[in-house]
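Participant: can't give you the sequence, but here's the structure:
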């Protein structure tokens, strides 16, 4: 530990930047002058003897009054009981009051120590015990702060090195597992897509090398940058801010310790940091809120994300539009729209691909299976571990997997999307119901996509997000799931036959398809088991397989009908033969979820090659390629929907007959969705145990309303009516003749 040093005859505000780090022809303030937006236009002047006299009489002191510079419009009576060291520049200072919420403070500097800093126009600086090497922009309020300082090697949360620093000083994020083997360098502007690209493809050496180079070169490596407090920001009743860069219109109140941070904020997306917060080594996005005792170390918060009520976020990236409360989140990469609200939930060493929810008591990855700490969890979109559920590393889950309450004893690999898992301890089996969401909880399924999109209030949508639960990634999972269900059904049907071992997989699959696509129900005594879904010897029992297979088929038809009908409605004069030419081609079966943005795996491979080869020379160019791929995605998704039409309807081309069938199917399925949204919500209202807490139906209706009053039920009905009008119009348009 370094002891306190005593230095004689040394000016406090001088030698911030050692001489060896000052370029030839510059002084130690050259970077400060570049940072200060007013330095090139402001007309600074020295204080007059009369102004110095007024300042001294008001209890102020300066190491050297000649180094306190002001603008012409300067009222010295507004500075009292303060001390100044080094070069201090004070902007326009006139008698006024700054008001923020219920706090009103007069402009001026009172009871503060200012060291080598720039104070912008019309600021209120009150009782700041130590303000060192900061640029405070105009109309800021800083009140009752113990310490605000910046070091000459400040990096403001970015994983870079300043000149002369050893590699060991670099800050990394250890995401996805606890070993550091997937670590990334955080930087201001980093997207979940960037972190995933960097952490996932560790075997791509050229990519890894380039991403490190691009990150280091994104920022100036010179020492001497000052901390910045953006215009109209408020910092009050806080203890320590060190090496913190704050955007405009930010509100910080009651923070304990903020160190090595960038806090992005803007008039349209102001960020807030609240009481008892301790944040170290992080990047905070626009429109974020962190308050009530949260602790975060080595982290990134995406735009419009929130930490509250004692949450702990360590070595993790929390994507845009997410909320984490009262819980512990370690070594994770979490894509946008994640919800985790409960004190006793725990998430560690995982990639959660967004639109997810962690229930109370859920512990994901909390127990190691061995002495190694390199285990991981990968969960597709819509992951929802239910109340008091716990799972082990390493596990993988298809999209929209719901875990029922239980301590799952072994690793899991669930390839069936929209499934419900149940750890049936009494029967000694793992039970899986594929397509559960579609069959039994349509209200939640449809509402999730709607609410996540509605809550996306970002002004700057830099991370593109696919919110639809039926998209190329989930649809391809459905296609593969149907094949697996058919294979496992065929094996169950042929179980016990002497010739079963000799049959080819195609024969077994065909037998399963006959049973699942036939009119007759499956025999009640038939037991269908999943394979390679749990690392255990106990059986994995599949429930309602025929119904699930049919539901998956409905989902595929709806996906194709919804997307193709939208295209035809937007392009009403397009002949069907032209549609076939434009949309035909080989189906893309491999899709990547890059931080919430979907793209073809082949496009991702090209992107990686462009980065590794140096064709893309900055993160800005990489982000521009994301934008281009997002623009391309709408056509890719449409072509994929067309190929799913070909697959599910067994048609090579879209003709009049198949089009009418497709549109009518889409209409029927949309009606089914609307009805199921109503019914699944109505089950809650009809639950006798829920009704038991009310003394009468009138009280219940007054308290929670009726299902008929439910706004989302009404919204789905309105959307259904509009969709069916569109489909009817298309049927009328194409019904007269083949075009």
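Facilitator: Cool, the structure landed. Everything quoted here is computed from the prediction, not taken from an experiment.
Participant: avg pLDDT for stretch 243-251?
Facilitator: Mean per-residue pLDDT for stretch 243-251: 98.
Participant: what's next to it, contact-wise?
Facilitator: 100, 137, 148-151, 154-157, 227-235, 252, 258-267, 270-273, 286 (Cβ atoms under 8 Å, 6 or more residues apart in numbering). Every C-beta, even on glycine, is put in place using the N, C-alpha and C of the backbone.
Participant: look up the closest residue to the residue nearest the centre of the chain, ignoring the ones flanking it.
Facilitator: Residue closest to the average C-alpha location in the chain (Cα atoms, centre = their mean): residue 319, at 1.6 Å. Take residue 319 and drop its neighbours on the chain: the residue closest to it by Cβ to Cβ, 6 or more residues apart in numbering is residue 336, 3.9 Å away.
Participant: cool, and residue 356?
Facilitator: Leaving aside its sequence neighbours, residue 356 is closest to residue 383 (4.3 Å, by Cβ to Cβ, 6+ apart).
Participant: look up how far residue 397 lies from that neighbour.
Facilitator: As judged by Cβ to Cβ, to the nearest Å, residue 383 and residue 397 stand 6 Å apart.
Participant: and the next element down the chain from the helix or strand of the chain with the lowest mean pLDDT?
Facilitator: Among the helical and strand segments of the chain, the one scoring lowest on mean pLDDT, DSSP states H and E is helix 688-691, with a mean of 85. Following helix 688-691 in sequence order, the next helix or strand is helix 697-704 (DSSP states H and E).
Participant: mind listing what's buried along the strand ranked longest in the chain?
Facilitator: Secondary structure of the chain per DSSP state E: the longest strand is strand 234-246. Under the neighbour-count criterion of 16 or more other Cβ atoms under 10 Å, strand 234-246 has 234-236, 238, 240-246 buried.
Participant: what's the answer for stretch 687-700, then?
Facilitator: residue 700.
Participant: which outside residues touch it?
Facilitator: Outside stretch 687-700, the residues that reach it (Cβ under 8 Å, 6+ apart) are 684, 703.
Participant: so where's this structure uncertain?
Facilitator: 1-2, 8-10, 39-41, 366-372, 498-500, 502, 736-739 (pLDDT under 70).
Participant: and if we set it to 80?
Facilitator: Low-confidence segments of the chain (pLDDT under 80): 1-3, 5-11, 13, 37-42, 365-374, 496-503, 734-739.
Participant: assign residue 261 to helix, strand or coil.
Facilitator: strand (DSSP: H, G, I helix; E, B strand; the rest coil).
Participant: quick one: it from residue 603, how far?
Facilitator: 35 Å.
Participant: neighbour count: these two, which is higher?
Facilitator: residue 261 (24 against 19; other Cβ atoms under 10 Å).
Participant: and the more buried one, what is it in contact with?
Facilitator: So residue 261 contacts 156-157, 243-245, 279-284 (Cβ under 8 Å, 6+ apart).
Participant: swap in residue 472?
Facilitator: Residue 472 sits in contact with 588, 591, 598, 636-637, 640, where contact means Cβ under 8 Å, 6+ apart.
Participant: give me the buried subset of those residues.
Facilitator: Among the contacts of residue 472, those buried by neighbour count (16+ other Cβ under 10 Å) are 588, 591, 598, 636-637, 640.
Participant: take these and write them to a markdown table, including distance to residue 688 and secondary structure.
Facilitator: Formatted as a markdown table, the buried ones among the contacts of residue 472 follow (distance: Cβ to Cβ, whole Å; DSSP: H, G, I helix; E, B strand; the rest coil):
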| residue | distance to residue 688 | secondary structure |
| --- | --- | --- |
| 588 | 49 | coil |
| 591 | 44 | strand |
| 598 | 43 | strand |
| 636 | 49 | helix |
| 637 | 44 | helix |
| 640 | 45 | helix |
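Participant: and of the residues you listed, the nearest to residue 219?
Facilitator: Closest approach between these and residue 219, by Cβ to Cβ: residue 598, at 30.5 Å.
Participant: surely that closest one and residue 633 touch.
Facilitator: Yes: if you go by Cβ atoms under 8 Å, residue 598 and residue 633 touch, sitting 6.3 Å apart.
Participant: what sits in contact with each of these two?
Facilitator: The contact sets of residue 598 and residue 633 overlap at residue 466 (Cβ under 8 Å, 6+ apart).
Participant: residue 299 contacts residue 318, correct?
Facilitator: Yes: when contacts are counted by Cβ under 8 Å, residue 299 is listed as touching residue 318 (7.2 Å).
Participant: okay, the two: which has more neighbours?
Facilitator: Per other Cβ under 10 Å, whichever of residue 299 and residue 318 has more neighbours is residue 318, with 30 against 27.
Participant: look up the closest residue to residue 193, ignoring the ones flanking it.
Facilitator: With Cβ to Cβ, 6+ apart, the residue lying closest to residue 193 is residue 595, at 3.3 Å.
Participant: got the contact list for that neighbour?
Facilitator: Neighbouring residues of residue 595 by Cβ under 8 Å, 6+ apart: 191-196, 319, 335-336, 463.
Participant: quick check: the farthest pair among those residues?
Facilitator: 194 and 336 (13.3 Å).
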